[in-house]
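Participant: After the sequence you'll find the predicted model.
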Amino acid sequence: MFRIGLSSCSKGCGEELFEQYAKAGITAMEVSPSSDEYDGFDFGSAGRLSKEYGVELWSFHLPFSPFEKIDISRPDLAGYTVGYFETLIRSGAAIGIKKFIVHPSGEPIDDADRPARTETAKKSLAALAEFASRYGAVICVEDLPRTCLGRDSGEIAELLTADERLRVCFDTNHLLTESPEAFIKKIGERIVTTHVSDYDFIDEKHWLPGEGKVDWQSLVCALESVGYNGVWLYELGFRSPSTLTRARDLNCFDFVRNAEEIFSGAPLTLVPSEKTV
């Protein structure tokens, strides 16, 4: 149905990870370094390993923390943040990455401050869209939870008015006031990539699909209905998060099986687990 992808989720981009992806049949990677790995990230090595193992570098997650240093919506940080992102976009595009994921804000944001923060974010997104276009790349705005900007389809739609070249990364576990299906219907064909994980509808959890409450068959049907043809890209780690204790760590084969079961409508096979909160 869709190609299967997986975020590197701060696991580095060494040869062992590419080998694990290739053996399991995962053909796409989102490069997502930890906050302290961006400055020294070896783009050349990632590009070489991508070709060697046949794992496409599908997208690159631009940094989003710490909030007090990086935020495209804060007037005092937006200029620096955009400039920093441009250096990463240039390096990523040089090894063939075409999609760059951006968080429209950090948090917390008071309701009274949302209009001004939204306008600053839109100016930043317009600048990034223009810069990325010079390298044949696109900026993908991610929906976010809680008080962040982009917490529902209305806010994402407003952010997209900054530039017609902007696209969306649909994170399936960030919506707290709107169903995934409603979001997909509103944003439609501007969704070009995904962050797939499950949650309890209370807050983001980044669980494996089947460990939370998302109706995966309904979500897949909604994506098909708007013509989505991007990657089904998981964004969660191999190890249990603080909210869940699994009997063992996940591996790349678990993600492939999970995707195939969702696509076929089969019951989901899960690692035995206990929710901690």
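Facilitator: All right, it came through fine. Residues are numbered from 1 along each chain as shown.

Participant: can you list the weak-confidence ranges in the stretch 151-277 of the chain?
Facilitator: Regions of the stretch 151-277 of the chain meeting the criterion pLDDT under 70 cover residues 277.

Participant: again, only this time at 90
Facilitator: The model of the stretch 151-277 of the chain has pLDDT under 90 over residues 275-277.

Participant: Spell out the residue ranges of the helices in it.
Facilitator: Secondary structure of the stretch 151-277 of the chain (DSSP state H, counting those that start in this stretch): helices at 153-160, 180-187, 216-225, 252-264.

Participant: Dump those helices to JSON lines, plus distance to Lys98 and mean neighbour count.
Facilitator: Heads up, the C-betas are built off the backbone N, CA and C, glycines and all. As requested, those are exported to JSON lines (distance: least, Cβ to Cβ, whole Å; neighbours: other Cβ atoms under 10 Å):
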{"stretch": "helix 153-160", "distance to Lys98": "18", "mean neighbour count": "19"}
{"stretch": "helix 180-187", "distance to Lys98": "19", "mean neighbour count": "18"}
{"stretch": "helix 216-225", "distance to Lys98": "20", "mean neighbour count": "16"}
{"stretch": "helix 252-264", "distance to Lys98": "22", "mean neighbour count": "18"}
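
Participant: Nearest to Gly14, out of those?
Facilitator: Of all the helices of the stretch 151-277 of the chain, helix 252-264 sits nearest to Gly14, with 14.2 Å by Cβ to Cβ.

Participant: helices or strands up against the closest one?
Facilitator: Here helix 252-264 touches strand 4-7, helix 15-24, helix 216-225, strand 232-234, going by 3 or more Cβ pairs under 8 Å, 6 or more residues apart in numbering; DSSP states H and E.

Participant: can you give me the strands in this structure?
Facilitator: Taking DSSP state E to define them, one finds strands in the chain at 4-7, 28-31, 56-61, 99-102, 138-142, 167-171, 191-195, 232-234, 244-246, 273-275.
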